[in-house]
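K.L.:
The following comprises the amino acid sequence and a computationally predicted model.
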Amino acid sequence: MSQDIEFNRNEDYNKMQSSALQQRLKQVFLGGGKKSADKQKEKGKLLARERIAYLLDKDAPQIEIGALAADGMYAEVGGCPSAGVVVVMGYLAGRQCIVVANDATVKAGAWFPMTAKKNLRAQEISMENRLPIIYLVDSAGVFLPMQDEIFPDKEHFGRIFRNNAVMSSMGIIQIAAIMGSCVAGGAYLPIMSDEAMIVDKTGSVFLAGSYLVKSAIGEDVDNETLGGATAQSEISGVTDNKFPDDQSCLDYIRSIFSKIGKLPDAGFDRIKAVAPKKDEKDIYGILPEARDKQFDMHEIIYRLVDDSAFDEYKEKYGQTLICGYARIEGWAVGIVANQRKVVKSKKGEMQFGGVIFSDSADKAARFIMNCNQRKIPLVFLQDVTGFMVGSRSEHGGIIKDGAKLVSAVANSVVPKFTVITGNSYGAGNYAMCGKAYDPRLIVAWPSAQIAVMGGSQAAKTLLQIQTSTLKAKGEQISPEEESTLLKTIADRYNQQMSPYYAASRLWVDAIIDPLETRRWIAMGIEAANHAPVEKPFNVGVIQT
């Protein structure tokens, strides 16, 4: 196959993948559907995404966190698109912030287990980056059939209010607007914010609604009298101001943000942004359709970085990991990227693409230390099948060198950003700053796969385990049954490797079109620049 034909084939495949992503997002953005949306409109309310669009600066960049959260989950109760809450990082009066808006079209904004997880992720981003956060509250409270999965544990519902208190002590600005229901424990979220406002006639806040009050103490009272805007703004003083409609409430929040003073920053270096010299759209043709196909990751990097300028570190050493300095939208970055290409080491040995060897791990660990020394944010481009195995690697100390890399990643104090472009398997996921290693943002391209090992190897391993178990019970399995079992196992495993499976569980913050990568990284670094680096870099004890 000629290079042009292969490029065109890759391009068609990857554009189809991106188109499928956009179609999936369109469906998710419908929330609970037209009927539910119409009911909100009849009450004079804006929908969750309309509220955010009205509030944030027009024509300013923004990114949505967790749009695909809970995708494909909770089917037994009709699903929960976007986990029933919308989280966007954008700009308000020129200031970067996080907005969290309950989607009342989805089960009246009820909290599912993934709703809590997504809210906690929004607060985590706010805390890590010292970003102001705005809560647009419109929720019926905990989804009671799943209360045991959302209520009592450390990372459950109550952690959100704990975070409210901690964030306030950190000096992080929190503003809340009660634009619909706000009940039970959820009532604490807006009231633990710096300032809370409420929309008249549609907003209400109370620890127990009228039905529960009647059941508990026998009092007959309607919800508006109990905890409506007039009651809570003029009688109890629980809320600070009331407004006649959503728009005027959101206008007031904009007015608040227009008066916020400047805070110290981390001092990451930025100059005027320059577009890549090489066409970003070429990424579609460069990225192979086949998961085991070789390609040169340098060509992807040249299309992500400003002016396509990349200063490589130890270019001829440890070549299955590419390290170097560049700029993205003007921000200085250090890039660590897997090379999915067979190369020769300086000793003349073949190194397989996507695999981390001892020299690669050693190089990357040192490079990460340099970036911490120079206060340069790190960007990881993952396409990794794992660490090299076999006697030669074991005798060469692959575990020791791998541990050195993992230690450098874990202890890095400069902000880290991870983009999963292809494979993300096993310990390679960890070494390349997977979710467990606290990247400020982590995203996947539609071409990503995330699992403990590749689908083919995993399916065969699982098949061997299952057939051995059956044989131990004295059961025989025919070749046809074995083939059917293999397909069943492979299908299930491949589904779990999908980036959509990861996004639905918030293992990644989003699945993005490759052409969105520069915007995500740039907004992430700008957010991180709000939080001065206070902890010194120290890798602790490592074997050399």
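P.N.:
Right, received. Where do you want to start?
K.L.:
quick one, phi psi at residue 85?
P.N.:
phi -150, psi 140 (degrees, to the nearest 10).
K.L.:
Quick check: it vs residue 466, distance?
P.N.:
39 Å (Cβ to Cβ, to the nearest Å). (Glycine included, C-beta is placed from N, CA and C.)
K.L.:
The two: which is more packed in?
P.N.:
residue 85 (28 against 16; other Cβ atoms under 10 Å).
K.L.:
How about the contacts made by the more buried one?
P.N.:
48, 100, 101, 102, 103, 109, 115, 118, 119 (Cβ atoms under 8 Å, 6 or more residues apart in numbering).
K.L.:
Now pLDDT and secondary structure too, for the residues you listed, in TSV please.
P.N.:
Below are these laid out as TSV (pLDDT from 0 to 100; DSSP: H, G, I helix; E, B strand; the rest coil):
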residue	pLDDT	secondary structure
48	98	helix
100	98	strand
101	97	strand
102	96	strand
103	97	coil
109	92	helix
115	96	helix
118	97	helix
119	96	helix
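K.L.:
Any chance of TSV for these, columns neighbour count?
P.N.:
Shown next, in TSV, are these (neighbours: other Cβ atoms under 10 Å):
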residue	neighbour count
48	30
100	25
101	25
102	28
103	29
109	26
115	28
118	25
119	23
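K.L.:
Once you drop chain neighbours, what's closest to residue 450?
P.N.:
residue 424 (4.5 Å; Cβ to Cβ, 6 or more residues apart in numbering).
K.L.:
Check the secondary structure at the one you found for me.
P.N.:
Assigned with DSSP: H, G, I helix; E, B strand; the rest coil, residue 424 falls in the strand class.
K.L.:
gap between it and residue 534?
P.N.:
30 Å.
K.L.:
Please say which of those two ends up with more neighbours.
P.N.:
residue 424 (29 against 7).
K.L.:
Which single one of the contacts of residue 85 is nearest to residue 284?
P.N.:
Among these, residue 118 lies closest to residue 284 (Cβ to Cβ), at 30.0 Å.
K.L.:
quick one: contacts for the closest one?
P.N.:
So residue 118 contacts 65, 66, 69, 82, 83, 85, 87, 506 (Cβ under 8 Å, 6+ apart).
K.L.:
Show only the entries of those found in helices.
P.N.:
Using DSSP state H to define helices, no part of the contacts of residue 118 is located there.
K.L.:
Now go through the residues you listed and say which are in strands.
P.N.:
Residues of those located in strands (DSSP state E): 65, 85, 87.
K.L.:
Model confidence for the last one, exactly?
P.N.:
I take that to be residue 87. If you check residue 87, the pLDDT there is 98.
K.L.:
Quick one: low-confidence residue ranges for this protein.
P.N.:
1-2, 185, 345-351, 389, 395-396, 453-459, 543-544 (pLDDT under 70).
K.L.:
Regarding the residue of it most remote from its centre, what is its secondary structure?
P.N.:
Most distant from the centre of the chain: residue 474, at 47.1 Å, with distances by Cα atoms, centre = their mean. The three-state label given to residue 474 by three-state DSSP is coil.
K.L.:
Just read off the phi/psi values of residue 338.
P.N.:
Per degrees, to the nearest 10, the backbone of residue 338 is at phi -70, psi 140.
K.L.:
swap in residue 204?
P.N.:
With angles defined as degrees, to the nearest 10, residue 204 shows backbone torsions of phi -150, psi 150.
K.L.:
ok, so of the contacts of residue 85, who is nearest residue 285?
P.N.:
residue 118 (34.7 Å).
K.L.:
my guess is residue 197 is in a helix, correct?
P.N.:
No: secondary structure of residue 197 (three-state DSSP): strand, not part of a helix.
K.L.:
contacting residues around it?
P.N.:
Residue 197 touches 176, 177, 178, 239, 240, 241, 242, 243, 249, 252, 253, counting by Cβ under 8 Å, 6+ apart.
K.L.:
Apply 10 Å and report the result again.
P.N.:
Residues in contact with residue 197 (Cβ atoms under 10 Å, 6 or more residues apart in numbering) are 175-179, 190, 203, 229, 233, 239-243, 248-250, 252-253, 256.
K.L.:
before we move on, back to that, in TSV, list the ones in strands among the contacts of residue 118 along with distance to residue 135.
P.N.:
Shown next, in TSV, are those (distance: Cβ to Cβ, whole Å):
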residue	distance to residue 135
65	14
85	10
87	10
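K.L.:
Just give me the closest of these to residue 343.
P.N.:
Checking the ones in strands among the contacts of residue 118 one by one against residue 343 (Cβ to Cβ), the nearest turns out to be residue 65, at 36.5 Å.
K.L.:
The closest residue to the closest one other than its chain neighbours bridge partners, please.
P.N.:
For residue 65, ignoring the flanking residues on the chain, the nearest one in space by Cβ to Cβ, 6+ apart is residue 87 at 4.2 Å. Going by DSSP bridges, residue 87 is paired in beta bridges with residue 65, residue 100.
K.L.:
and what of residue 418?
P.N.:
residue 380, residue 442.
K.L.:
Neighbours of it, how many?
P.N.:
For residue 418, using other Cβ under 10 Å, the count is 27.
K.L.:
Name all residues that make contact with it.
P.N.:
Residue 418 neighbours (Cβ under 10 Å, 6+ apart): 336, 378-382, 424, 429, 432-435, 437-444, 508-509, 521.
K.L.:
nearest residue to residue 536 other than its sequence neighbours?
P.N.:
residue 413 (7.2 Å).
K.L.:
and what of residue 383?
P.N.:
Going by Cβ to Cβ, 6+ apart, residue 383 has residue 422 as its nearest residue, at 3.5 Å.
K.L.:
That neighbour is in contact with residue 287, isn't it?
P.N.:
Yes: look at residue 422 against residue 287 with Cβ atoms under 10 Å: they come within range, at 7.5 Å.
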